[in-house]
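# Show me how the following folds:
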Amino acid sequence: MPTRRDFLRLSALATAAGCTLGRLPSAFAADAPFVYGVQLYMVRKEAPQDLPGILHAIRQIGYTQIELFPIVYTHPAPELRRIVADSGLGLVSAHFDYASVPTKIEYAHQLGLEYMVCPMIPPEHPGQWTLDNFHKAADDFNTWGHSVHQAGMQFVFHNHCYEFAPQGTTTGFDELMKHTDPAFVKLELDMYWLAQAGQDPLTMLTRYANRVSLLHLKDRIANAPTGFVMGPTAKHITEMGKGTLNWPAIFAQAHKQGIRYAYVDQDDTALPILDSLKENYAYLQTIKA
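Okay, the predicted model is just below:
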């Protein structure tokens, strides 16, 4: 069993060779197929009741990866890693609450992760984010990014829509990108939330090609209003292929950039959850990047 010191030494060698840990060398990644998974938040009601059962169901549909969510971190890391492995699913990425990131780096390492993802910046007041929030987050992300890198992983931020609200001549997202080190702070772009914020997912994917490590997938119904407020009024979500997002173009660009992992993360579903997952997976099989 490699030691932690061995792992860090290999990480340093990989970086010196021009390859960022957790990403395949670009010459290989461009030819690699996408690996489709499910963000555990999508099955947040089912997972606490029967985690092995829902993981097996996800694997039977055809998905090969799971991205973890904090509701299962009551399990010790070795036990949780075993549960996931027993289901036949792979595990390279997981979400961690903002406040828990610095205390969960060792836990993430024990899980064998490649990516530690922070999915949300705490607002200063309920539903209100200020530039101070984003500047503090940028400082924290830089610090955490270095620590996560030293542990052999990448630190990643997952967007929603609130980051794109205009604040004078800038936005919170612009401030994050301006004040964080692209070598240590990467992105998991959520295609739906970009569109909800009035952004073009394809443009954003291309603009931040040096940052995007992971994708989140869900479609958006036609003629829905855009906005920057989180909550029920922001959810115009549907299964992939039923909405307006240009998935063939998105995946073609993502493939060109060497992105490999993409997770279905449909926050709410009108269909029973497993039926929704099946529909999303069936659509993904039609994509030819």
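
# Every contact and neighbour count from this point should use C-alpha atoms.
OK.

# Could you report the neighbour count for Pro126?
Other residues near Pro126 number 7, with proximity taken as other Cα atoms under 10 Å.

# Okay, it and Gly168: tell me how far apart.
20 Å (Cα to Cα, to the nearest Å).

# And for Arg44?
To Gly168, Arg44 is 37 Å away according to Cα to Cα.

# Likewise for Cys161?
The spacing between Cys161 and Gly168, counted by Cα to Cα, is 17 Å.

# who has more neighbours, those two?
More crowded of Cys161 and Gly168, by other Cα under 10 Å: Cys161, with 22 against 7.

# Quick one: residues contacting that one.
Applying Cα atoms under 8 Å, 6 or more residues apart in numbering to Cys161 gives the contacts Trp193, Leu194, Gln196, Ala197, Gly227, Phe228, Val229, Met230.

# Just the buried subset of these, written out for PyMOL, thanks.
Selecting the buried subset of the contacts of Cys161 in PyMOL, with 16 or more other Cα atoms under 10 Å as the burial test, is done by:
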select buried, resi 193+194+196+197+227+228+229
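
# Out of the contacts of Cys161, which comes closest to Pro272?
The nearest member of the contacts of Cys161 to Pro272, counting by Cα to Cα, is Trp193 at 22.4 Å.

# three-state assignment of the closest one?
helix (DSSP: H, G, I helix; E, B strand; the rest coil).

# show me the contacts for it.
Trp193 makes contact with Asn159, His160, Cys161, according to Cα under 8 Å, 6+ apart.

# for the last one, phi and psi?
When you say that, I think you mean Cys161. phi -110, psi -20 (degrees, to the nearest 10).

# gap between it and Gly198?
Cys161 sits 9 Å away from Gly198, going by Cα to Cα.

# would you list every one of the helices in the protein?
In the chain, the segments counted as helices under DSSP state H are 4-16, 26-29, 51-61, 77-87, 105-111, 131-150, 172-179, 191-196, 201-207, 247-256, 273-284.

# Those helices: which one's closest to Leu214?
Across the helices of the chain, closest to Leu214 is helix 247-256 (Cα to Cα), at 9.2 Å.

# okay, which residue is most central for this structure?
Most central in the chain under Cα atoms, centre = their mean is Glu188, positioned 4.1 Å from the mean C-alpha point.

# my read: that residue touches His158, true?
Yes - between Glu188 and His158 there is a contact at 4.7 Å, judged by Cα atoms under 8 Å.

# hmm, back to that, got the contacts of Trp193 as a markdown table, with pLDDT and distance to Ala183 columns?
Listed next are the contacts of Trp193 as a markdown table, based on pLDDT from 0 to 100; distance: Cα to Cα, whole Å:
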| residue | pLDDT | distance to Ala183 |
| --- | --- | --- |
| Asn159 | 98 | 18 |
| His160 | 98 | 22 |
| Cys161 | 98 | 24 |
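
# Out of those, which comes closest to Ala99?
Checking the contacts of Trp193 one by one against Ala99 (Cα to Cα), the nearest turns out to be Asn159, at 16.7 Å.

# So that closest one versus Ser213, what's the distance?
For Asn159, the distance to Ser213 (Cα to Cα) stands at 13 Å.

# between the two, who's got more neighbours?
More neighbours sit around Ser213 than around the other of Asn159 and Ser213, counting by other Cα under 10 Å; the figures are 25 against 22.

# residues contacting that one?
The neighbourhood of Ser213, defined by Cα under 8 Å, 6+ apart, consists of Arg23, Val156, Lys186, Leu187, Glu188, Ile259, Arg260, Tyr261.

# Just checking, which helix or strand of this structure averages the lowest pLDDT?
Ranked by mean pLDDT, DSSP states H and E, the weakest helix or strand in the chain is helix 26-29, scoring a mean of 36.

# pLDDT below threshold where in the chain?
Within the chain, the ranges that satisfy pLDDT under 70 run 1-32, 289.

# if you set the cut-off to 90 instead, what comes out?
Residues of the chain that meet the criterion pLDDT under 90 lie in 1-33, 124-127, 288-289.

# re earlier: can you list residues touching both of Glu188 and His158?
Between them, Glu188 and His158 share the neighbouring residues Val117, with contact defined by Cα under 8 Å, 6+ apart.

# re earlier: so which of the helices of the chain gets nearest Ser93?
Using Cα to Cα as the measure, helix 105-111 is the one of those that comes nearest Ser93, at 8.9 Å.
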